[in-house]
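Q: Sequence first, then the predicted structure, then my questions.
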Amino acid sequence: MKRTEADGWQRTSPYSVLFFFGGLVKGLARHATQLLAPLAAFFIAWQGDLQSKIVIASIALVVIATVSSLLSYLMFYYRVDEEAIRIRYGVFQKKQLDIRFDRVQAVTAEQNPVYRMLGLVSLTFDTAGSGAGEGVLPAIPVAEADILRNRIGRVELVVADTASPSDSTAQVELLLALGWRDMVRIGLADWRALVLLAVLGPLLERSGDGIADRIGSRVADGIEEAAEGLQQFDAATGLIILAALIIGLVLLFGMLSILAASLRYHRFRLYRDGQRLRSVGGLLTRHENVTQIAKVQILSLRQGLVLRGFRRLKIVAKQARSGNRDPDSRHFQVPLVTPDFAQRFTRLVFDPEAQGLNADPWHREFVRVSAYYLRARLLLVALMPAVLACLVIAPG
């Protein structure tokens with residue numbers, strides 16, 4: 001599955017090509033706005049119908065992405081030493097990343113369905129103060145990944161000077177398990193389907209005049225037929241039917257959001273493994289996050305309107321910043337907890353400093369924010385822009 005050089009450098013599994021291909025696709029999607037100009041120039045300059053342009057551009061994109069992924073795999077090597085893991089990568093510009101075990105703050109493991117059948121997993125190492133981002137080992141055997149994570153855990157215990165004979169063989173304690181009712185709560189609080197709809201809307205709008213015209217004509221015909229059908233009923237019945245359609249759409253979006261939550265957090269389990277926190281969850285792609293308790297610097301308890309109605313919270317455990325673009329992209333997250341669990345979790349992470357800290361937002365010790373704060377926000381965000389807009393649009 002992999003090749004080992006004489007000096008200890010080795011390649012990952014050939015199936016890591018899937019990882020590099022997926023990363024390239026994500027990068028293209030992330031920089032889609034910068035690619036619009038050259039794509040528009042290509043479509044304008046090259047003669048031919050729109051369908052042929054799209055087919056040729058798609059084939060060229062797939063070929064380039066495949067070749068790039070193969071080259072990335074061939075140029076990717078790693079080596080595990082006593083105190084660090086070293087990664088060499090880069091097609092045109094060679095780079096080497098040295099990750100010391102005592103600098104690792106968290107380890108994230110992802111296992112998609114293909115990797116699960118092959119017994120492979122991808123590891124991401126979140127390090128303190130790494131401006132270049134984390135190191136990633138794609139498609140390595142599960143047994144080797146477990147050895148790496150155990151070695152990192154033992155090094156962290158020694159560095160923290162908290163090692164004891166019982167630490168290395170500490171019993172794993174289940175802290176939290178989420179069921180299907182929790183998936184419903186997470187989905188209703190997240191509403192990812194609406195985000196998907198917001199993304200697909202502009203794409204459908206820009207997908208081509210011919211397609212847009214056909215869709216628009218069909219929608220118009222459907223609306224006209226529905227209007228003719230509603231004319232057969234009285235006003236009250238028509239309003240009831242319209243309300244039922246709206247409720248049906250809301251339920252559809254809610255079900256899609258619940259499905260998205262289930263895909264990410266199915267059978268979510270949170271464990272305490274000695275001095276580490278470990279979470280496991282996911283339906284198709286299995287996500288496993290491991291972080292050192294001693295490395296957690298901030299606990300963020302979050303609650304939107306829906307979670308407030310369910311009397312639930314979301315926990316985000318933050319370590320030292322590591323140069324991520326997204327501040328929450330590599331933080332340890334617990335998607336849904338009760339106030340009592342948030343209280344116990346806070347004391348677990350920040351023991352003994354947090355023994356007198358109350359994490360229940362419904363407790364009497366919590367005091368509402370002064371109305372003057374809201375007034376200042378309203379003045380800054382709403383009133384002043386409205387006054388300026390009136391001055392600009394008002395006739396001279």
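A: Great, that's in hand.

Q: which regions of the chain lie under the pLDDT threshold?
A: 1-7, 31-48, 50, 128-133, 153-170, 191-236, 238, 320-330, 392-396 (pLDDT under 70).

Q: Show me how far the longest helix anywhere in it is from its chain's centre.
A: Longest helix of the chain, by residue count under DSSP state H: helix 235-265. Averaged C-alpha coordinates place helix 235-265 at 25 Å from its chain's average position (CA atoms, centre = their mean, to the nearest Å).

Q: Which helix or strand lies directly C-terminal to that helix?
A: Once helix 235-265 ends, the next helix or strand along the chain (criterion: DSSP states H and E) is strand 269-273.

Q: Mind giving me the packing neighbours of that following strand?
A: Judged by 3 or more CB pairs under 8 Å, 6 or more residues apart in numbering; DSSP states H and E, strand 269-273 is in contact with strand 172-177, strand 276-281. C-beta here means a position set from N, CA and C on the backbone, and glycine is covered the same way.

Q: Make CSV from the ones you listed and add distance to Q319 and mean neighbour count to it.
A: As requested, those are exported to CSV (distance: least, CB to CB, whole Å; neighbours: other CB atoms under 10 Å):
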stretch, distance to Q319, mean neighbour count
strand 172-177, 19, 13
strand 276-281, 11, 20
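
Q: hang on, G90 packs against L71?
A: No: taking contacts as CB atoms under 8 Å, G90 lies outside contact range of L71: 9.8 Å.

Q: what about the two, which has more around it?
A: Of the pair G90 and L71, L71 is the one with more neighbours under other CB atoms under 10 Å, namely 15 against 12.

Q: any idea how far I87 is from the more buried one?
A: Per CB to CB, to the nearest Å, L71 is found 16 Å from I87.

Q: repeat for I241
A: 61 Å.

Q: thinking again about what came up before, dump the helices and strands packed on strand 269-273 into CSV; add distance to Q292 as well.
A: Formatted as CSV, those follow (distance: least, CB to CB, whole Å):
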stretch, distance to Q292
strand 172-177, 15
strand 276-281, 6
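
Q: closest one to L388 among the ones you listed?
A: L388 lies closest to strand 276-281 among the helices and strands packed on strand 269-273, at 47.3 Å (CB to CB).

Q: what's the spacing between stretch 11-30 and its chain's center?
A: In terms of CA atoms, centre = their mean, the centre of stretch 11-30 is set 17 Å apart from its chain centre.

Q: now what about that stretch, what contacts it?
A: The contact list for stretch 11-30 (CB atoms under 8 Å, 6 or more residues apart in numbering) reads 1-3, 35, 61, 65-66, 68-70, 72-74, 76-78, 112, 114-115, 118, 120, 122, 136-141.

Q: And those residues, which of them are buried?
A: 65, 69, 72-73, 76-78, 112, 115, 120, 122, 136-141 (16 or more other CB atoms under 10 Å).

Q: returning to what we had before: tell me which of I241 and I87 has more neighbours.
A: More crowded of I241 and I87, by other CB under 10 Å: I87, with 18 against 14.

Q: residue contacts, the more buried one?
A: By CB under 8 Å, 6+ apart, the neighbours of I87 are 76-78, 96-97, 99, 135-137.

Q: and if we set it to 6 Å?
A: By CB atoms under 6 Å, 6 or more residues apart in numbering, the residues touching I87 are 78, 97, 135.

Q: Could you point out the helix or strand that follows the helix or strand where the first one lies?
A: Element membership for Y78 (DSSP H and E) is strand 77-80. Downstream of strand 77-80, the next assigned helix or strand under DSSP H and E is strand 84-89.

Q: Give me the next element, helix or strand, following that following strand.
A: Per DSSP H and E, strand 84-89 leads on to strand 95-100 as the next helix or strand towards the C-terminus.

Q: Next, the angle from that next one to strand 84-89.
A: Counting by axes from the mean of the first three to the mean of the last three CA atoms, to 10 degrees, strand 95-100 lies at 170 degrees to strand 84-89.

Q: any idea which element A57 lies in?
A: Secondary structure assigned from DSSP H and E places A57 in helix 50-74.

Q: That helix packs against which elements?
A: In terms of contacts (3 or more CB pairs under 6 Å, 6 or more residues apart in numbering; DSSP states H and E), helix 50-74 is packed against helix 16-30.

Q: same thing but 8 Å
A: Secondary-structure packing of helix 50-74 (3+ CB pairs under 8 Å, 6+ apart): helix 16-30, helix 32-45.

Q: tell me which residues of the longest one are tucked away?
A: Residues of helix 16-30 classed as buried by neighbour count (16+ other CB under 10 Å): 16-21, 24.
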